[in-house]
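**Student:** Requesting a structural model of the entry that follows:
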Amino acid sequence: MAAEKPVLVPDVSQRDIEIAYSFHGADMLLFGAILYPGGHLPQGESPADIVVVVKGPTQSILIREKEKVAGIWVNADRLRYRSAPSFYAIASSRPIGQLVDDRTRAIYELGLDSLQLSPASNAATAVQDRFARGLVDLKRRSGLYFEDPHAVAVTDGVLYRARLTIPARVPVGRFTAETFLIRDGRVLTAAVRDIDIRKSGFERFVARAADRSAIRYGLTAVALSVLLGWGAGWIARRV
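**Tutor:** Numbers count the residues shown, from 1 in each chain. Predicted coordinates for the structure are as follows:
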């Protein structure tokens with residue numbers, strides 16, 4: 001039976017994205033083919049749908065909830081997540097709710113409301129849900145989380161393509177582009193491609209220095225700030 005399943009052959013237009021000072025975002029094309037057993041489309045079956053999910057590296061993140069007290073906004077409750085994706089984009093040929101049920105969506109994390117965010121505390125379910133909605137809303141407004149239910153085009157039931165935008169504020173690291181083939185509410189097969197997003201030029205030098213020699217980098221930054229401040233003051237006194 002496993003041999004009768006179709007096979008996905010996915011690819012991306014850019015597997016390596018370099019971020020320099022002039023980086024304003026990038027358009028990424030995700031495309032591929034569906035290889036059916038025998039080399040032909042199955043007869044009498046409904047058309048298959050494609051869902052593409054691009055995820056960034058997970059990160060620990062602290063969400064604070066603001067509350068208005070005596071006319072002043074202050075930090076109130078907070079919740080930390082151990083492993084939230086730094087970037088999440090989902091594109092599909094039809095709305096996810098029309099393709100699979102809620103259980104399947106939760107298993108494969110298909111959709112912003114199905115992310116497994118791993119809270120670090122045993123807060124009540126209602127509290128977790130409230131903070132999860134707040135996290136998704138913040139990430140969505142910053143362009144780091146988004147979904148497009150009509151971004152995937154399937155041609156002749158075999159070829160597919162989708163175009164996603166990588167924002168300028170995208171974090172660096174190893175990303176994954178996972179493609180799902182869905183028919184009649186079931187995920188038939190999936191395939192993954194890796195994408196590397198990294199800094200280049202002077203930005204890469206600074207990032208590597210801060211990561212590998214944090215103390216030396218901090219002392220150098222402080223010394224440079226003092227030197228520049230002294231230089232600016234000296235120039236001002238001479239003018």
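**Student:** Looks like residue 79 contacts residue 63 (just checking).
**Tutor:** Yes: shown here, residue 79 and residue 63 form a contact pair, counting by CB atoms under 8 Å, at 5.4 Å. In this view, the C-beta of every residue, glycine as well, is placed from N, C-alpha and C.
**Student:** Which neighbours do the two have in common?
**Tutor:** Between them, residue 79 and residue 63 share these contacting residues under CB atoms under 8 Å, 6 or more residues apart in numbering: residue 131.
**Student:** Look at these two and report which has more neighbours.
**Tutor:** residue 79 (21 against 18; other CB atoms under 10 Å).
**Student:** wait, is the more buried one part of a helix?
**Tutor:** No: secondary structure of residue 79 (DSSP: H, G, I helix; E, B strand; the rest coil): strand, not part of a helix.
**Student:** ok, and the closest non-adjacent residue to it?
**Tutor:** residue 131 (4.3 Å; CB to CB, 6 or more residues apart in numbering).
**Student:** For the one you found, pull up the helix or strand it's in.
**Tutor:** According to DSSP states H and E, residue 131 maps onto helix 125-141.
**Student:** what's in contact with the next helix or strand after that helix?
**Tutor:** Counting by DSSP H and E, the next helix or strand C-terminal to helix 125-141 is strand 145-148. Strand 145-148 has contacts (CB under 8 Å, 6+ apart) with 87-92, 96, 111-112, 136, 139-140, 164.
**Student:** next one: phi and psi at the closest residue in space to residue 73 that isn't next to it in sequence?
**Tutor:** Spatial nearest neighbour of residue 73, excluding adjacent residues (CB to CB, 6+ apart): residue 66 at 4.9 Å. Taking degrees, to the nearest 10, you get phi -90, psi 150 for the backbone angles of residue 66.
**Student:** Okay, residue 66 and residue 81: tell me how far apart.
**Tutor:** As judged by CB to CB, to the nearest Å, residue 66 and residue 81 stand 18 Å apart.
**Student:** Those two: which is more packed in?
**Tutor:** Neighbour count, other CB under 10 Å: between residue 66 and residue 81, residue 81 has more, with 22 against 11.
**Student:** Helices along the chain, start to end?
**Tutor:** Secondary structure of the chain, counting by DSSP state H: helices at 102-108, 125-141, 201-212, 214-238.
**Student:** Just give me how far the longest one sits from the chain centre.
**Tutor:** So the one you mean is helix 214-238. The chain centre lies 37 Å from the centre of helix 214-238; the measure is CA atoms, centre = their mean, to the nearest Å.
**Student:** Give me the pLDDT for residue 104.
**Tutor:** According to the prediction, residue 104 has pLDDT 94.
**Student:** go on, residue 27?
**Tutor:** At residue 27, pLDDT is 84.
**Student:** So it sits against residue 163, correct?
**Tutor:** Yes: look at residue 27 against residue 163 with CB under 8 Å: they come within range, at 6.0 Å.
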